[in-house]
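Engineer: From the sequence below, what's the structure:
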Amino acid sequence: MPKTKFQNVVFTAIMAFCMVYGMIVYNISLNLGGVSPTCFLAAFHEIPIMVPIAFVLEISIVGKLARRIVFSVLRPTDRPQFITYAMSLVICAIMCPIMSLIATILFKDSKTFSTFIQTWAMNFPMALLYQMFYCGPFVRLIYRTLFRAEKAAEADAVSKEESKALSRISALLIKSALTGRPVSRGARAGRFCLF
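Structural biologist: Residues are numbered from 1 along each chain as shown. Just a heads-up that it's a prediction; the model follows:
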């Protein structure tokens, strides 16, 4: 999961694109009465409108609200998978009605409350299943692939720091053995000094 602001922006942009594209294809298929190759191409007409809306909503409001809701139930020390799944469920539960309302206003012929409720009711099961089983795992795979080099560099830096510390400890122990003077308590605590 994202650890920095930049990683969060990248992750959210990829997730917004994949979720919006999938849901647009689904809604076009419902309107046409079935899935056809034209559904996949026609979805790109709504992408420039809906992806930025989803991205801004997620970054500014929904992500923060979902985090509050999830961590009111779970603790940050709980298993990361549970936190990831809970975040996905809560974000879907918040984003689906908002995006259904926006789609009803922008794209539906009938802009009534009942049309919004029907759109929301048709979209929610699909959004939830698509997020949990397909889009979410796919986007996390893309994210891990993009930031694998950065994670490896962090691990390498930690490894180098650990090897430097081990070298200092080894040198201290050798010096202590050669001089016959014991290692002080401060050295054992990491301050590396002799009596």
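Engineer: How is the protein partitioned into domains?
Structural biologist: Under automatic domain parsing, the residue ranges defining each domain of the chain are 5-146, 154-188.
Engineer: out of those domains, deepest packed?
Structural biologist: domain 5-146 (a mean of 16; mean count of other Cβ atoms under 10 Å). In short, each C-beta sits where N, CA and C put it, glycine included.
Engineer: first vs last residue of that one, how far apart are they?
Structural biologist: Distance across domain 5-146, first residue to last, is 15 Å (Cα to Cα, to the nearest Å).
Engineer: That one: how far from the chain's middle?
Structural biologist: Relative to the centre of its chain, domain 5-146 is centred 13 Å away, using Cα atoms, centre = their mean, to the nearest Å.
Engineer: Please shift the residue numbers so they start at 646 in all later answers.
Structural biologist: Shifting the count to begin at 646 puts that one at domain 650-791.
Engineer: and that domain, average pLDDT?
Structural biologist: Averaging pLDDT along domain 650-791 gives 95.
Engineer: A816: what secondary structure?
Structural biologist: helix (DSSP: H, G, I helix; E, B strand; the rest coil).
Engineer: ok now do T764, which residues does it touch?
Structural biologist: By Cβ atoms under 8 Å, 6 or more residues apart in numbering, the residues touching T764 are N672, S745, A748, T749, K753.
Engineer: distance of A711 from T760?
Structural biologist: Note on A711: its distance to T760, by Cβ to Cβ, to the nearest Å, is 26 Å.
Engineer: Where do the helices of this protein begin and end?
Structural biologist: In the chain, the helices defined using DSSP state H lie at 650-677, 682-687, 692-702, 708-718, 725-752, 758-775, 781-791, 793-824, 830-833.
Engineer: so how far does stretch 684-698 reach from one end to the other?
Structural biologist: End-to-end distance of stretch 684-698 (Cα to Cα): 21 Å.
Engineer: try stretch 673-684
Structural biologist: End-to-end span of stretch 673-684 (Cα to Cα): 6 Å.
Engineer: Give me the residues contacting it.
Structural biologist: Outside stretch 673-684, the residues within contact range by Cβ under 8 Å, 6+ apart are V670, A687, A688, M767.
Engineer: so how far is A766 from S759?
Structural biologist: When distance is defined by Cβ to Cβ, S759 is 10 Å away from A766.
Engineer: correction: E691
Structural biologist: From E691 across to A766, the span is 20 Å (Cβ to Cβ).
Engineer: Also A687?
Structural biologist: Distance of A687 to A766, computed by Cβ to Cβ: 23 Å.
Engineer: With A731 instead?
Structural biologist: 23 Å.
Engineer: go on, S755?
Structural biologist: 15 Å.
Engineer: Can you give me the neighbour number for E795?
Structural biologist: Residues lying near E795 (other Cβ atoms under 10 Å) number 13.
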